[in-house]
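Asker: curious how this folds, go ahead:
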Amino acid sequence: MLIRQDKGFSAMEMMVVLAVIAILAAMSIPSFTGRIIREHIVTAIPLADIAKEPIAAYWKLTQTLPADNTETGLPVPEKIVSNMISSLVVEQGVINMTFGNNSNKLLRGKILSIRPAVIEDSPVVPVAWVCGNAAVPDKMVVKGGNKTNIEDIYLPHGCRNTQAAK
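Answerer: Residues are numbered from 1 along each chain as shown. Now for the predicted structure:
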């Protein structure tokens, strides 16, 4: 008597495997998107460096912060762009970067603020920079308003509000 051995998968087994793969893929898409958005933000942050030095120098000389791009010695906001940023605006010493251009569609039109933190009675202490919703360094005072409207889950760790998690 011959015994028949089937080699391979049945259609039902293949459908179960495909369903499991589809479920796993659907679960990973949000975390992958978050990672892409964080990478876009990290890529964009160095553009703020062109404004940090003149703002810090202005603070050291006058103990005040520049009101706008002109006082900072920068071009108009629409002329300070990168692959991810469509404009960089200085407002009362705060650097506000608006996402656009090649950034993720979930970031377009969103703002990331980088605010100066100072020790008011000691101009020799360098200006520290507070990214987004991050906490202010001890014994320092942050200047200006935070216009960051990017969800904390998308912000890089150094720009998140870590106090809320505690």
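Asker: what residue ranges in this protein score low on pLDDT?
Answerer: Of all residues in the chain, those with pLDDT under 70 make up the ranges 1-6, 29-30, 163-166.
Asker: so in it, which helix runs the longest?
Answerer: Longest among the helix segments of the chain by residue count, using DSSP state H, is helix 11-44.
Asker: following it, which helix or strand comes up?
Answerer: Moving toward the C-terminus from helix 11-44, the next helix or strand (DSSP states H and E) is helix 49-62.
Asker: please save the CA atoms from that next one in PDB.
Answerer: Provided in PDB are the C-alpha atoms of helix 49-62 (Å, rounded to 0.1, in the frame of the first residue of the first chain):
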ATOM      1  CA  ASP A  49      22.600  77.300  14.400                       C
ATOM      2  CA  ILE A  50      22.800  80.300  12.000                       C
ATOM      3  CA  ALA A  51      20.600  82.300  14.400                       C
ATOM      4  CA  LYS A  52      22.000  81.100  17.700                       C
ATOM      5  CA  GLU A  53      25.300  82.800  17.600                       C
ATOM      6  CA  PRO A  54      24.000  86.300  16.700                       C
ATOM      7  CA  ILE A  55      21.200  86.000  19.300                       C
ATOM      8  CA  ALA A  56      23.700  85.000  22.000                       C
ATOM      9  CA  ALA A  57      26.100  87.800  21.100                       C
ATOM     10  CA  TYR A  58      23.100  90.300  21.200                       C
ATOM     11  CA  TRP A  59      22.200  89.100  24.700                       C
ATOM     12  CA  LYS A  60      25.800  89.300  25.900                       C
ATOM     13  CA  LEU A  61      26.100  92.900  24.700                       C
ATOM     14  CA  THR A  62      22.700  94.300  25.600                       C
END
